[in-house]
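1. Make a model of this:
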Amino acid sequence: MNYWLIKSEPFKYSWDHFVEEGQSMWDGVRNYQARNNMMAMKTGDQALFYHSNEGKEVVGIAKVSKEHYPDPTTDDPRWVVVNFVPVAKLPKAISLKQIKQDPTLQDMALVKHSRLSVAPLKAEEFDHIVALAYET
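-> Residues are numbered from 1 along each chain as shown. Predicted coordinates for the structure are as follows:
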């Protein structure tokens, strides 16, 4: 299994909206590196759901429910979408500030390539963030 981080601006598409819908087609990605990451996703891979711009925090866990297929929001065949389903809301959101201050997470794509909307995660990074969310 592979792990990912997917970003969404909460005023456009929040975690709560995602949960309400029960699934989502992750569309509108127009960055080649992010697109390539989506093309590498496999059914069952897990992703951290990150609220960008407003909040700047990891808020939940999602799972790939359908691998990449052509993005129906454009006629350009270069772009793809992936479907996700929500798995769990984290009991405590993990902020970008907290991630940047954690020595274990210094090599995360979120820290090194902050503008990338779909990024890979190491299993250790995924597990560490989830563990932080469950600390009391």
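2. neighbours around the closest residue to E67 other than its chain neighbours, how many?
-> Spatial nearest neighbour of E67, excluding adjacent residues (C-beta to C-beta, 6 or more residues apart in numbering): T43 at 5.7 Å. Backbone N, C-alpha and C define where each C-beta goes, glycine included. By other C-beta atoms under 10 Å, the residues close to T43 number 11.
3. my read: T43 touches V64, true?
-> Yes. Under the criterion of C-beta atoms under 8 Å, T43 makes contact with V64 at 5.5 Å.
4. Select the longest helix from this protein.
-> helix 123-134 (DSSP state H).
5. sorry, back to before: name the element the residue nearest to E67 belongs to?
-> If you go by DSSP states H and E, T43 is not part of any helix or strand.
6. just the helices in the chain please.
-> Going by DSSP H, the chain shows helices at 15-21, 32-40, 96-101, 109-112, 123-134.
7. Dump the ones you listed into TSV; add mean neighbour count as well.
-> Below are the helices of the chain laid out as TSV (neighbours: other C-beta atoms under 10 Å):
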stretch	mean neighbour count
helix 15-21	15
helix 32-40	17
helix 96-101	14
helix 109-112	16
helix 123-134	16
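8. and these, which one's lowest on average pLDDT?
-> The minimum mean pLDDT among the helices of the chain belongs to helix 109-112 (a mean of 93).
9. Remind me what that helix packs against, helices and strands.
-> Contact partners of helix 109-112 among helices and strands, from 3 or more C-beta pairs under 8 Å, 6 or more residues apart in numbering; DSSP states H and E: helix 96-101, strand 118-121.
10. And the contacts of the last one?
-> Translated: strand 118-121. The contact list for strand 118-121 (C-beta atoms under 8 Å, 6 or more residues apart in numbering) reads 2-7, 26, 29, 31, 34-35, 37-38, 40, 47-48, 108-110, 113.
11. try stretch 6-16
-> 18, 24, 26, 47-55, 59-60, 62, 84, 86, 89, 117-118.
12. Mean pLDDT per helix and strand in this protein: which one sits at the bottom?
-> helix 109-112 (a mean of 93; mean pLDDT, DSSP states H and E).
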